[in-house]
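In: build the 3D model from these lines:
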Amino acid sequence: MLRLFFRLYFFLMLPATVAFVGFMYLTDQVMAQLHKEQQRARAGTAFDRAERILSAREVPNWQGRLKEMEATFKLEHRVIPMEEALGDWFISGSEKVRLQAGEIAFRDRPGGGTVYLRKLRDGSGVLRIEWVGLYEYVAVYYTIILLLVTLGLAFILLRWVRPLYGDLGRLTAAADRVGEGDFAARAKVAKGSLVEPIAGAFNAMGERVQRLLESQRELEQGVAHELRTPLAQLKFDLELARGADGDAEREARFDSMARDVTDLEELVNELLLVANLRQAPPYAPREVPARVLVDDVLRRAREEMRAAGRDVALEPPAALPEVLRCDGKYLSRALVNVVRNALRHCASRVALTVESDGARTTIHVDDDGPGIAPADRERLFTPFTRLESARDRETGGVGLGLAIVKSVAEWHGGEARIADSPLGGARVTIAW
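Out: Residues are numbered from 1 along each chain as shown. Next comes the predicted model:
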């Protein structure tokens, strides 16, 4: 705390103090200029008295009387040649004119104080009077100002540093807790604090790390659970193939094992994609031709239908914008997942709709299947979640398709949701 205080004080407050004192000095100079005539009037009395003593040198001990006057009024008298007075750089031109006219001229003394000059009546020179005590007054005056300003600014800075130091301490403590593995730690700082943006960024980072770790734990648990099923099936088919009575039965078991391997491969690919999506945004958004992207999705969907031997009416969008601002690779993957799910559960019809409203794009995928109950819609976006009616080997999938759809939509700055379809089944919407 003291280190921060002194650094801020010496690099910030001291220049402000010097500037304030300089302002006070300029103020004094302005006031002195405004009271020139009053100063000249007061100095005139001293000039008259000193000149009477100087002109009456026949008076006994006139030098002693002059010294006594200097001691009493704290003055210094000196007679200088006119040339020396006019050659003084500190006297302005207007004051030199006054001096030559026999009037009282004055100038500021470097470091403070005032010097008065007037031509002697006999023309023998110029009487120069300087108030000696003025310097002591100026020194005390500016010392008091400097002391008060320094103490005041030190108090203000201390009041400012203390809460800042406390906020920095809380931020440091939260960082230490996170370093020790407590990712639920958050830095709580005062509202409006200078470190509030840093604390906000730190808390957002901690929350994201915590979500990623929780997601990773859920993913690990899901992987352990989901891998057991195809592995167990593969092991069972392998045992049956070893004990097969004929080539036909053995070939059937090999086909079953091939399907198990395909399921494992699909699961691994989906897991890798989900892990990639949850770690960092891998996107490179750009303008993608909408027709090319949608045609590619429909082509892949029709190929899957032919492979599965299904006959479904797949309706393309009636209207399309020229381009879509997105990452074509990942948006295409998300749309394929949605269309694949619709094809699995529809009765005979799946329709795509693309709507564009300014910078916002919405894609609907509708089917005429049994639909999805409102209570199940949100949890279907959770990894490894499948409805009880879709857990068979042929239509169940791996339970990661909609989780990928949601991640893709969120990384695009949008959302994915499920609602009732105008066709009577389910409507899955991706909007960004």
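
In: just say helix, strand or coil for residue 117.
Out: Using DSSP: H, G, I helix; E, B strand; the rest coil, the structure places residue 117 in strand.

In: can you pull the contacts of it?
Out: 85, 91, 99, 104-107, 126-129 (CB atoms under 8 Å, 6 or more residues apart in numbering). Backbone N, C-alpha and C define where each C-beta goes, glycine included.

In: most neighbours among the residues you listed, which one?
Out: residue 105 (25 neighbours; other CB atoms under 10 Å).

In: quick one: that residue and residue 99 touch, right?
Out: Yes - between residue 105 and residue 99 there is a contact under CB atoms under 8 Å: 4.0 Å.

In: now for the two: what residues contact both?
Out: 91, 117-118.

In: can you map out the helices along the stretch 151-300 of the chain?
Out: Secondary structure of the stretch 151-300 of the chain by DSSP state H, counting those that start in this stretch: the helices cover 196-242, 247-279, 290-308.

In: what's the closest of those to residue 352?
Out: Across the helices of the stretch 151-300 of the chain, residue 352 has its closest neighbour in helix 290-308 (6.9 Å, CB to CB).

In: show me what the closest one is packed up against.
Out: Applying 3 or more CB pairs under 8 Å, 6 or more residues apart in numbering; DSSP states H and E, we find helix 290-308 packed against strand 313-315, strand 323-326, helix 328-345, strand 349-357.

In: quick one: contacts of that helix?
Out: Contacting residues not belonging to helix 290-308 are listed as 311-312, 314, 316-317, 320-324, 328, 331-332, 335-336, 339-340, 343, 350, 352, 354 [CB under 8 Å, 6+ apart].

In: buried subset of these?
Out: By neighbour count, with 16 or more other CB atoms under 10 Å, the contacts of helix 290-308 hold 312, 314, 317, 320, 323-324, 328, 331-332, 335-336, 339-340, 343, 350, 352, 354 as buried.

In: in a helix, residue 77, correct?
Out: No - counting by three-state DSSP, residue 77 falls outside a helix, being strand.

In: circling back to that earlier point, reformat the shared contacts of residue 105 and residue 99 as TSV; add distance to residue 185 and pLDDT.
Out: Formatted as TSV, those follow (distance: CB to CB, whole Å; pLDDT from 0 to 100):
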residue	distance to residue 185	pLDDT
91	72	87
117	76	87
118	80	87
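
In: tell me which of those residues is nearest to residue 202?
Out: residue 91 (64.8 Å).

In: which residue packs closest to that closest one, ignoring adjacent ones?
Out: Leaving aside its chain neighbours, residue 91 sits nearest to residue 107 (4.6 Å; criterion: CB to CB, 6 or more residues apart in numbering).

In: state the distance from the one you found to residue 309.
Out: Noted for residue 107: a distance of 111 Å to residue 309, by CB to CB, to the nearest Å.

In: picking up where we left off before, quick one: the residue nearest to residue 91 and residue 88 touch, right?
Out: Yes - judged on CB under 8 Å, residue 107 makes contact with residue 88 at a distance of 6.9 Å.

In: mutual contacts of the two, please.
Out: Counting by CB under 8 Å, 6+ apart, nothing touches both residue 107 and residue 88.
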